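1. coordinates only, no sequence provided:
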C-alpha cells in the first residue's frame with residue numbers, strides 16, 4: 001500500500017502529520033510520534049509577542065496596570081508560563097532535527113508583521129524543513145474594513161517569504177467574506193500551503209471571580225466539516241498544498257479529507273485524548289479500508305470527491321443545502 005504524499009514540496013511517507021500542540025514541547029515526545037507513524041511534526045507555536053522583546057522587558061510592560069481594575073487581571077500569560085522562549089525555540093528546532101528523520105515544521109503564531117521576518121530567517125538557519133504561519137487575528141476595530149484585514153494577512157506572508165527559502169504554509173480561519181478569493185490571493189502571494197482551519201477559542205466568564213478565563217475544548221469529528229467543504233472547493237484551483245486540520249480523529253476522517261483533496265491531515269486533539277500511539281491505530285485502519293475497497297495508493301483517493309469538475313460549485317452547495325433542509329425530520333407534536 002502506497003500511503004506517500006507530498007506536502008509543501010516535502011515527500012512524506014503518509015498523510016498523517018502531528019499538528020502544533022504541547023506534545024511537541026519535548027524531544028522524547030517528538031521521537032514517540034515518529035515511532036508511532038507520524039510523517040512530519042509541526043512544533044508548538046512561538047508567539048509573536050514573545051519576539052518583541054526579551055522576557056523581563058515583556059513582563060514589565062504586560063504587568064503594568066493589571067491590578068488597576070478586575071477585568072484586567074491575568075489578561076496575558078506570565079512569562080514563566082511560556083515553555084519555550086525565542087532562543088530556546090531555535091535550540092529546540094535543532095535538537096528535534098537531530099533526534100528524528102521526519103520533517104520538522106516550525107510554527108509562528110501572530111497577527112502582524114512584527115518581528116516575524118528576522119526570526120523566520122533564524123528558524124530556517126536552525127534547520128526547520130518548513131514554517132507554518134498561524135495567523136490568529138480577531139479584528140475588533142469597527143473602522144477596519146475587510147480589505148484591510150485581508151491585506152494584513154498578505155503582508156505578513158510576503159514579508160516572511162521575502163526572507164526565507166524554506167516552504168511557508170499559512171494557517172488561517174474560514175471567517176472571510178469570500179474565503180475562495182482569499183485562498184487564491186494567498187496562493188498568488190507565494191503560500192506553499194494552506195492549513196484549514198485555525199480554531200478560535202471562545203473564552204468564558206467566571207461568575208465568582210468576575211474574570212475572563214480560557215475555555216479550551218478538544219475538537220470532535222464534527223469540527224472537520226468546515227475544512228472538508230473548503231478543501232473540496234479549492235482542490236485543483238490553487239497551487240498550494242492543502243492541509244486539513246481540526247476534528248480529525250479516525251481513519252474515516254482522514255479518508256474523507258483525502259477524497260476532498262487534502263494532501264495531509266493534521267492530528268492534535270486525537271493524540272492529546274488517546275496518546276501518540278493513536279497515529280498507528282489510524283494508519284492501520286486507513287490501510288484496512290483501502291485494501292477492502294481496492295485502493296492501491298493515497299494518490300488514487302486524493303480529490304476523487306472534490307468539486308474540481310463541478311461547473312458551478314455555488315449552485316451545487318445551494319442545492320445540497322436545500323436538499324438537507326427538505327429532508328430534515330419534522331418535530332414531534
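-> Okay, I see it. Note that the structure is predicted; figures quoted are calculated from it, not measured.
2. so residue 282 is in which element?
-> Counting by DSSP states H and E, the element that carries residue 282 is helix 278-292.
3. helix or strand right after that helix?
-> Counting by DSSP H and E, what follows helix 278-292 is helix 298-301.
4. in that next one, what counts as buried?
-> Buried residues in helix 298-301, counted by 16 or more other C-beta atoms under 10 Å: 298, 301. Heads up, the C-betas are built off the backbone N, CA and C, glycines and all.
5. avg pLDDT for it?
-> The average pLDDT for helix 298-301 rounds to 95.
6. then stretch 209-218?
-> 78.
7. please apply the same query to stretch 94-109.
-> 96.
8. for stretch 196-207, how far is the first residue from the last?
-> Using C-alpha to C-alpha, to the nearest Å, one end of stretch 196-207 lies 34 Å from the other.
9. could I get the buried residue list for it?
-> 196-199.
10. repeat that for stretch 178-197.
-> Across stretch 178-197, burial judged by 16+ other C-beta under 10 Å covers 179, 182-187, 189-197.
11. who touches it?
-> For stretch 178-197, contacts defined as C-beta atoms under 8 Å, 6 or more residues apart in numbering pick out 7-9, 130, 132, 134, 150, 153-154, 157-158, 161, 167-174, 176, 226-227, 230-231, 233-234, 237-246, 263, 266.
12. give me the distance between the two termini of it.
-> OK, stretch 178-197 end separation, C-alpha to C-alpha: 15 Å.
13. what does stretch 132-148 give?
-> OK, stretch 132-148 end separation, C-alpha to C-alpha: 22 Å.
14. pLDDT on stretch 221-239, on average?
-> Mean predicted lDDT for stretch 221-239 stands at 93.
15. for that stretch, the distance to its chain's centre please.
-> Relative to its chain's centre, stretch 221-239 lies at 13 Å (C-alpha atoms, centre = their mean, to the nearest Å).
16. for stretch 216-234, same thing?
-> With C-alpha atoms, centre = their mean, you get 11 Å for stretch 216-234.
17. just stretch 123-140 next, same as before
-> The chain centroid and the centroid of stretch 123-140 are separated by 10 Å under C-alpha atoms, centre = their mean.
18. could you do stretch 202-217 as well?
-> Using C-alpha atoms, centre = their mean, the offset of stretch 202-217 from its chain centre is 24 Å.
19. could you do stretch 164-184 as well?
-> Mean-position distance between stretch 164-184 and its chain equals 11 Å (C-alpha atoms, centre = their mean).
20. quick one: end-to-end distance for that stretch.
-> For stretch 164-184, the first-to-last residue distance is 21 Å (C-alpha to C-alpha).
21. likewise for stretch 122-139?
-> 29 Å.
22. if we can go back for a sec, in CSV: the buried residues of stretch 196-207, plus distance to residue 88.
-> CSV is the format used below for these (distance: C-beta to C-beta, whole Å):
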residue, distance to residue 88
196, 30
197, 29
198, 24
199, 26
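23. what is the lowest-pLDDT residue among those?
-> Among those, residue 199 has the lowest pLDDT, at 77.
24. show the pLDDT at the nearest residue to it once chain neighbours are set aside.
-> Closest residue in space to residue 199, ignoring its immediate chain neighbours: residue 246 at 5.5 Å, by C-beta to C-beta, 6 or more residues apart in numbering. pLDDT, residue 246: 88.
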